[in-house]
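Student: here's a sequence, model it:
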Amino acid sequence: MASAVDIYRFSRLESENDIKNFDCGDQDLNDFFIYKSLLFTQNLLANTLILNDTDNTVAFCSLLNDKISDIETDKNLWRKIKKDIPHRKHFRNYPAIKIGRLAVSIIYQGSGIGSEFLSTIKQLIINNNPLSAARFLTVDAYPEAIQFYIKNGFRPLLNEYRSRTMPMYFDLITLI
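Tutor: Residues are numbered from 1 along each chain as shown. Here you go, the predicted model:
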């Protein structure tokens, strides 16, 4: 059975023509995608990946560089992270790619397409990243999205919210 990501057009946002009808139910996310995502791409601040059907954008995800740092991480968790990395490679920071924004159209919410899209992005990062390495995928999850990220293998970086989000991470080495 073909996955939804195989059925729809998966690509990198390159022009205004790639932005189709979209409403995820969150005005901030809608506005970012429609009005700012292409500017972020053009200014080398974030790359946006999109999933389109004929008439609509099904989902989008903006990715940018990040790091996991010993200063910004719960101390017990930092020890666990370091334990999984060979001793000779212990640093105070580890490279990451951050999900700046991820949203699924209301039309497709609850169908599992968000998890399929996220899984495709994880595979893309580990299989097609010839210029720069990243050990982790991070996100500052809104409270209503935390369970989605936990279901997709992410873990909290802190024991508390930072501002109005929860910093979370996924260890990409688990996919290799």
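
Student: give the rounded mean pLDDT of stretch 95-112.
Tutor: The pLDDT scores in stretch 95-112 average 96.

Student: quick one, what contacts the spatially closest residue to residue 52 that is not a sequence neighbour?
Tutor: Distances taken as C-beta to C-beta, 6 or more residues apart in numbering place residue 9 nearest to residue 52, at 4.7 Å, with adjacent residues excluded. Just so you know, the C-beta spots here come from the backbone N, C-alpha and C atoms, and that holds for glycine as well. By C-beta atoms under 8 Å, 6 or more residues apart in numbering, the contact set of residue 9 is 51, 52, 53.

Student: among the residues you listed, which are located in strands?
Tutor: 51, 52 (DSSP state E).

Student: which of the contacts of residue 9 sits closest to residue 20?
Tutor: Nearest to residue 20, judged by C-beta to C-beta, of the contacts of residue 9 is residue 52 at 5.5 Å.

Student: where do the helices sit along this structure?
Tutor: 4-7, 27-31, 37-42, 75-83, 113-127, 146-151 (DSSP state H).

Student: of the ones you listed, flag the one that's most buried.
Tutor: Of these, the one with the most neighbours on average (mean count of other C-beta atoms under 10 Å) is helix 113-127, at a mean of 18.

Student: look up how far residue 7 lies from the closest residue to residue 121 other than its chain neighbours.
Tutor: Distances taken as C-beta to C-beta, 6+ apart put residue 61 closest to residue 121, at 5.8 Å, once the chain neighbours are dropped. Residue 61 sits 17 Å away from residue 7, taking C-beta to C-beta, to the nearest Å as the criterion.

Student: low-confidence bits of this structure, can you list those?
Tutor: Residue ranges of the chain with pLDDT under 70: 1-5, 87-90, 129-130.

Student: let me have the helices of the chain in CSV, extended by distance to residue 21.
Tutor: Listed next are the helices of the chain as CSV, based on distance: least, C-beta to C-beta, whole Å:
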stretch, distance to residue 21
helix 4-7, 18
helix 27-31, 11
helix 37-42, 15
helix 75-83, 41
helix 113-127, 16
helix 146-151, 23
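
Student: go through the ones you listed and name the closest to residue 138.
Tutor: Residue 138 sits nearest to helix 146-151 of all the helices of the chain, at 10.2 Å, using C-beta to C-beta.
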